[in-house]
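Q: what follows is a protein structure lacking sequence information:
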Ligand SMILES: Nc1ncnc2c1ncn2[C@@H]1O[C@H](COP(=O)(O)OP(=O)(O)O)[C@@H](O)[C@H]1O
Ligand SMILES: [Mg+2]
């Protein structure tokens, strides 16, 4: 009997081809990333791991188009981004990527809720206070909606930054240590939120993390050492 096997290979959502990042520091050059080649299919959950200083944040910034490689190319959802003008790049980023910075980068003059609403307003899609409230609720901050960033702890700011990144339902979510400042309960909450997005909205997730529980839930682990990929493994999810 013949068995027909149909393989559907999801399209690559995020690709890096021969990416190098070198920074000139006075008289010497520092190679921060060396020959990075990655292809991340749509819907994959990737954990980026590695010691402090190994280049994780730099890589994430390059993949998001927030920084430019010294050589090589970054391709987002089939579009090579290095040739794009700043405006076109900002638009593409706005449509495709939710980004959570390691330092949160909330707007100090806006409340938690206004920060969460901002991406939607910037994208010209009006606003959706209901969704903003729901997201703040999900990250356990419904009582903090009207607080300003200075009135929030580091962990609370981190959760506002996550809610903000989820606001426009981006196909790609990138986060730099999203549970880095959270206690176990809130870390678990954020993990559930991320997994929910990945499963139900098929969001491609790229997370820089040291968190074992988070990493154990990823489809793939990419390890960096001294600016190079030294490990790239698929894994069964720990559910
Ligand atoms: N703008 C910069 N100028 C000089 N060195 C930098 C700059 N950005 C990052 N680096 C260096 O590049 C290396 C990788 O940094 P980073 O990507 O922040 O690592 P990680 O996020 O893994 O801790 C570190 O040694 C860091 O000091
Ligand atoms: Mg970092």
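A: Sure thing, it's come through. Since we're looking at a predicted model, the values are computed, not measured. Ligands and ions are numbered 1, 2, ... in the order given.
Q: these two touch, right, residue 74 and residue 60?
A: No. With contacts defined as C-beta atoms under 8 Å, residue 74 does not count as touching residue 60, sitting 11.3 Å away. Just so you know, the C-beta spots here come from the backbone N, C-alpha and C atoms, and that holds for glycine as well.
Q: would you confirm that residue 163 contacts residue 139?
A: Yes. Contact criterion C-beta under 8 Å: residue 163 and residue 139 qualify, at 5.2 Å.
Q: who has more neighbours, those two?
A: More crowded of residue 163 and residue 139, by other C-beta atoms under 10 Å: residue 163, with 28 against 24.
Q: can you list the residues of the protein near ligand 1?
A: Listed as neighbours of ligand 1 in the chain under the rule C-beta under 6 Å from any ligand atom: 23, 25, 30, 32, 50, 52-58.
Q: cutoff 8 Å now
A: 23, 25, 30, 32-33, 50-61, 102, 176, 208, 224, 227 (C-beta under 8 Å from any ligand atom).
Q: is it possible to mark the buried ones in these?
A: For the residues of the chain next to ligand 1, a burial check counting by 16 or more other C-beta atoms under 10 Å picks out 32-33, 50, 54-61, 102, 176, 208, 224, 227.
Q: where does the most centrally placed residue in the chain sit: helix, strand or coil?
A: Most central in the chain under C-alpha atoms, centre = their mean is residue 174, positioned 0.5 Å from the mean C-alpha point. At residue 174 the chain is in strand, as set by DSSP: H, G, I helix; E, B strand; the rest coil.
Q: kindly report the same for residue 147.
A: Here residue 147 is recorded as coil under three-state DSSP.
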